[in-house]
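*Asks:* how would this look folded up:
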Amino acid sequence: MKSLLKYLKNYKKETILAPLFKMLEAGFDLLVPLVVASMIDYGIGKGDSTHILKMGGVLIVLAIVGLTVALTAQYYAAKAAAGFGTELRHDLFKHIQSLSYSQLDRLGTSTLITRMTSDINQVQAQVNMGLRLLLRSPFIVLGAMIMAFTVNAKAAMVFVVAIPVLSVIVYGIMIITIPIYKRVQNGLDRIMISTRDNLAGVRVIRAFNKEEAEVKRYEEENYFLYKVQMLAGRISTIMNPATYVIVNAAIIGILWIGGKQVDTGVLSQGQVVALVNYMSQILVELIKLAALIINIIKALACASRIEEVFQVQPGMQEGKLQEPKKNSEYIVEMEHASLAYNESGEESLTDVNLKVRPGEMIGIIGGTGSGKSTLVQLISRFYDATSGKVKIYGENVKEYTYDAMGKMIAVVPQKALLFKGTIRSNMEWGKKDATDEEIKEALKISQSYEFVMDKENTIDAVVEQNGKNFSGGQRQRLTIARAVVAKPEILILDDSSSALDYVTDLKLRQALRGLKDMTVFVVSQRTASIMDADKIVVLDDGKVMGIGTHEELLKNCETYQEIYASQNKSEEEGA
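*Replies:* Got it, this is the predicted structure:
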């Protein structure tokens, strides 16, 4: 939690003024029992109605001033907490964006969402509560004890005994419940993962008639969370009755000792009432403090989970080269490049050697899990090679800044993802200041122009979340247009035309062929999509089985022959 408090540095004034105003309010509250005692002893006891009215006026003034001070404290506390939450969310999101794909895979999307939302909200709420009550409640407790000593030292000894006992109870329960609340947050993570999987895969679940199995699994995870929350709740509920017992025992002690001293004339009736009021104030504040501590325990568990994300240092470091020197005849080179995901022992890509000249079209083919996407992700530096080198224009990709890599390379991933907005706003992800002519040209290249122009608002047509108002093939073509509009030097199509028919796919390849100043990598499982490429890389189980043109591979690469034969078997049989 300490490392997160730095997000209050821009709100130093608020973090100081909020508790100060709260303690000022507490000071006014501590004066109330003395005013009431004076009203009883001198007003009611002596029948002085003027004194009663005078003390009543004092109580009203104390109430008004106390309310004003309390509202001021609330304003400063809320401002500081809101600012704290805003800066923490911004910094956490920025940190997550700096993590490598491997680290994001390891952490998981669902747990990151929980920490960005639920955990930060919990911490923010307790910063607000802490600024208002964390100092006020102990101040009232100690202040009430000190004020009790000013009334009568012997009766005040009850406070000296009661307060340490209450402190031990509160601290003991806090120590026990902190690890339990961590388990609660982990249970929330599991619920989040299950919910996300079910909502994302609802069509698959229904297709396989697995609704009942998924409901049962969800109930089991929910029951785990319920049991942990119940355990934490049972332990936490001990705090209130335990504090009530101690405080009420202390009140009995005050009345017993005070009653004897009233009989002997040492104490007045008003002073006994003042002592009881001070003990009641302690009771109220301890109840508040108990609730605050329970919530702080939850916040500490949440804070530790947030800190865990911050402690994950970015797996890839940004280089310093802002522009390529272009002193090599090859635009892309891979020298004995290998990759093992999550630093596991098994390599997903092994000893790849490849050289690509500017303007070439490179096809990458292989079976499922052969390492096709892995290979192009090394070029775009989504992952760093665990051994070997990947170069662009003769320089290791690790030497370039992320901005330089973004300008040189555009990637169209396997999953066609469009953002909510318009077609124009999605195209502007490729180029912020793209003109209508540039957007239309990119749409023509990607074979999207016709269906976009048929829309009511053409390039300003609405795109719903995830592009759900477009078909799978239309989404793929629009994502290709988004990459093309950036006019990158390297365009990577990671199996991004799988939903296209053969005619549209052919037109797309022909249009890309016309871009002489662009090097294109086409990842596909269809030989028809890459057979006219300048060079084809054949992969199997992470290893390169052959590199060459379509005709060359048909002669000397057994793996390519098998792929081609399996896809053209029906045509050969017909012939």
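
*Asks:* wouldn't Ile331 be in contact with Val390 here?
*Replies:* No. Ile331 is beyond contact range of Val390, at 11.9 Å (criterion: C-beta atoms under 8 Å). In short, each C-beta sits where N, CA and C put it, glycine included.

*Asks:* Just give the number of residues close to Gln97.
*Replies:* Gln97 has 9 neighbouring residues, counting by other C-beta atoms under 10 Å.

*Asks:* Which of the helices or strands spans it?
*Replies:* Secondary structure assignment for Gln97, by DSSP states H and E: helix 49-98.

*Asks:* Which other helices and strands does that helix contact?
*Replies:* helix 12-38, helix 120-129, helix 269-311 (3 or more C-beta pairs under 8 Å, 6 or more residues apart in numbering; DSSP states H and E).

*Asks:* Of the ones you listed, which shows the lowest average pLDDT?
*Replies:* Sorting the helices and strands packed on helix 49-98 by mean pLDDT places helix 269-311 lowest, at a mean of 81.

*Asks:* Now do that one: distance to the chain's middle.
*Replies:* Mean-position distance between helix 269-311 and its chain equals 28 Å (C-alpha atoms, centre = their mean, to the nearest Å).

*Asks:* tell me what that helix is packed against?
*Replies:* The helices and strands touching helix 269-311, judged by 3+ C-beta pairs under 8 Å, 6+ apart, are helix 12-38, helix 49-98, helix 120-129, helix 136-151, helix 153-200, helix 239-264.

*Asks:* Need these in CSV (columns: distance to Leu289).
*Replies:* Conversion of the helices and strands packed on helix 269-311 to CSV gives the following (distance: least, C-beta to C-beta, whole Å):
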stretch, distance to Leu289
helix 12-38, 12
helix 49-98, 16
helix 120-129, 11
helix 136-151, 4
helix 153-200, 7
helix 239-264, 9
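
*Asks:* Point out the one among these that comes closest to Tyr402.
*Replies:* In terms of C-beta to C-beta, the element of the helices and strands packed on helix 269-311 nearest to Tyr402 is helix 49-98, at 9.3 Å.

*Asks:* next SSE after the closest one?
*Replies:* Taking DSSP H and E, what comes next after helix 49-98 is helix 101-107.

*Asks:* quick one: buried residues of that following helix?
*Replies:* Buried residues in helix 101-107, defined by neighbour count with 16 or more other C-beta atoms under 10 Å: Ser102, Gln103, Leu107.

*Asks:* what would the residues you listed look like in a markdown table with pLDDT?
*Replies:* What follows is those, written out as a markdown table (pLDDT from 0 to 100):
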| residue | pLDDT |
| --- | --- |
| Ser102 | 77 |
| Gln103 | 81 |
| Leu107 | 81 |
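
*Asks:* quick revisit: among the helices and strands packed on helix 269-311, which comes closest to Met427?
*Replies:* Of the helices and strands packed on helix 269-311, the one closest to Met427 (C-beta to C-beta) turns out to be helix 49-98, at 22.1 Å.

*Asks:* quick one: average pLDDT of that closest one?
*Replies:* The predicted model assigns helix 49-98 a mean pLDDT of 91.

*Asks:* That one versus helix 120-129: what angle between them?
*Replies:* Calculated by axes from the mean of the first three to the mean of the last three C-alpha atoms, to 10 degrees, helix 49-98 forms an angle of 150 degrees with helix 120-129.

*Asks:* How far away from the center of its chain is helix 49-98?
*Replies:* Offset of helix 49-98 from its chain centre (C-alpha atoms, centre = their mean): 28 Å.
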